[in-house]
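Colleague: no sequence on this one, just coordinates:
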């Protein structure tokens with residue numbers, strides 16, 4: 001089920017990045033129409049969609065390459081959400097200083113980071129336990 005959901009999200013990111021960006025701007029900004037996206041932002045969104053579809057379309061075990069980056073990104077977002085949010089806006093928008101982020105976005109960034117961190121650590125631990133179970137015991 002999770003794999004199917006990830007594939008669906010990836011396909012939407014490829015096909016309709018404008019809809020995702022527009023919805024995210026309406027939800028997150030007090031002044032959603034003030035932002036000027038950098039030219040590459042929508043293409044990067046499409047590339048992320050391609051990566052999602054590629055990784056999750058393959059065998060689930062091959063998504064393990066995501067565990068360390070997810071853990072690191074989650075740690076940074078949880079510990080320094082203001083800087084993480086600022087960097088994200090700087091990368092995506094030509095005028096990030098003009099955007100008024102709604103008050104709930106900063107705590108949500110921290111919570112999302114904590115979720116990424118927990119998922120990343122759980123994935124690392126689960127993979128480690130599988131590797132230990134598969135290893136032959138020394139007798």
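Modeller: Perfect, thanks for sending it. A quick note: this is a predicted structure, and the numbers were derived from the prediction, not measured.

Colleague: Buried residues, stretch 23-39. List them.
Modeller: 25, 28, 29, 32, 35, 37 (16 or more other CB atoms under 10 Å). Glycine gets a C-beta too; all of them are placed from N, C-alpha and C.

Colleague: whoops, stretch 75-85 was the one
Modeller: So stretch 75-85, judged by 16+ other CB under 10 Å, has buried residues 75, 76, 77, 78, 81, 84, 85.

Colleague: low-confidence ranges in this protein?
Modeller: 1-2, 59-64, 124-139 (pLDDT under 70).

Colleague: just the helices in it please.
Modeller: 2-15, 17-28, 41-57, 67-79, 81-92, 105-134 (DSSP state H).

Colleague: Turn those helices into a markdown table, including distance to residue 98.
Modeller: Shown next, in a markdown table, are the helices of the chain (distance: least, CB to CB, whole Å):
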| stretch | distance to residue 98 |
| --- | --- |
| helix 2-15 | 26 |
| helix 17-28 | 13 |
| helix 41-57 | 16 |
| helix 67-79 | 23 |
| helix 81-92 | 10 |
| helix 105-134 | 15 |
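
Colleague: So what does residue 34 look like in phi/psi?
Modeller: phi -80, psi -20 (degrees, to the nearest 10).

Colleague: Please name the nearest non-neighbouring residue to it.
Modeller: Of all residues not flanking residue 34 in the chain, residue 98 sits nearest, at 5.2 Å (CB to CB, 6 or more residues apart in numbering).

Colleague: And for residue 118?
Modeller: residue 74 (7.5 Å).

Colleague: In this structure that neighbour contacts residue 113, no?
Modeller: Yes. In this structure, residue 74 is within contact of residue 113 by CB atoms under 8 Å, at 4.8 Å.

Colleague: And for residue 118, the neighbour number?
Modeller: 14 (other CB atoms under 10 Å).
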